[in-house]
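A.B. asks: coords please:
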Amino acid sequence: MHLIFPVVEGGGGRGGFVPDADPTTGIGAASSFSTRKQNYDKAILELDGFFEQARRYKQAKEAKAPSLKPDLKLEAMIPVIDGKEPIMVTARREREIRDAITWADKQKVKIILVDAVEAMKVTKEIKDHNISVILGPSLALPGT
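C.D. replies: Residues are numbered from 1 along each chain as shown. This is a model prediction of the structure:
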């Protein structure tokens, strides 16, 4: 399973102007920080809701609820929730990595960080949580 961790998107390109922005969300535009933060919070709530739904599904399955209809997405989540399978989480920057670690602790799931460009800034937390890291291409130039 692979998760691209939500992030508070930047405010746009050079000069803060990005044409063709989504007018309803402000994503891709020089939207205010509060709008970007609201979008981030909404994404985290949806993610948490999905994990809670998977936990309820697992409980219903274990209880052999007669009205339970098979759901392949939720079925695939059972090994993750049980801690048998990790989630590969793409989190590039320091803040994203810290947020992903905090989120994984809250959800009590194992993660593997993918493309963690700024992992060196949070090595203590990564080590403390025994998290594996998959770095990007070894011949790539440093990020800006």
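
A.B. asks: Surely residue 43 is in contact with residue 6?
C.D. replies: Yes. Under the criterion of CB atoms under 8 Å, residue 43 makes contact with residue 6 at 3.7 Å. Placement of C-beta: from N, CA and C, glycine included.

A.B. asks: so where do the helices sit in this protein?
C.D. replies: With DSSP state H as the criterion, the chain has helices at 33-62, 72-81, 94-107, 123-128.

A.B. asks: Please identify the most buried of those.
C.D. replies: Here the criterion is mean neighbour count by mean count of other CB atoms under 10 Å, and of these the winner is helix 94-107, at a mean of 18.

A.B. asks: Against which helices or strands is it packed?
C.D. replies: Helix 94-107 sits against helix 33-62, strand 87-90, strand 111-114, helix 123-128, with contacts defined as 3 or more CB pairs under 8 Å, 6 or more residues apart in numbering; DSSP states H and E.

A.B. asks: Show me the beta-bridge partners of the closest residue to residue 132 other than its chain neighbours.
C.D. replies: Taking CB to CB, 6 or more residues apart in numbering, and ignoring the residues beside it in sequence, residue 132 has residue 112 as its nearest neighbour in space, at 4.6 Å. According to DSSP bridges, residue 88, residue 132 are recorded as the beta-bridge partners of residue 112.

A.B. asks: Great, nothing more from me.
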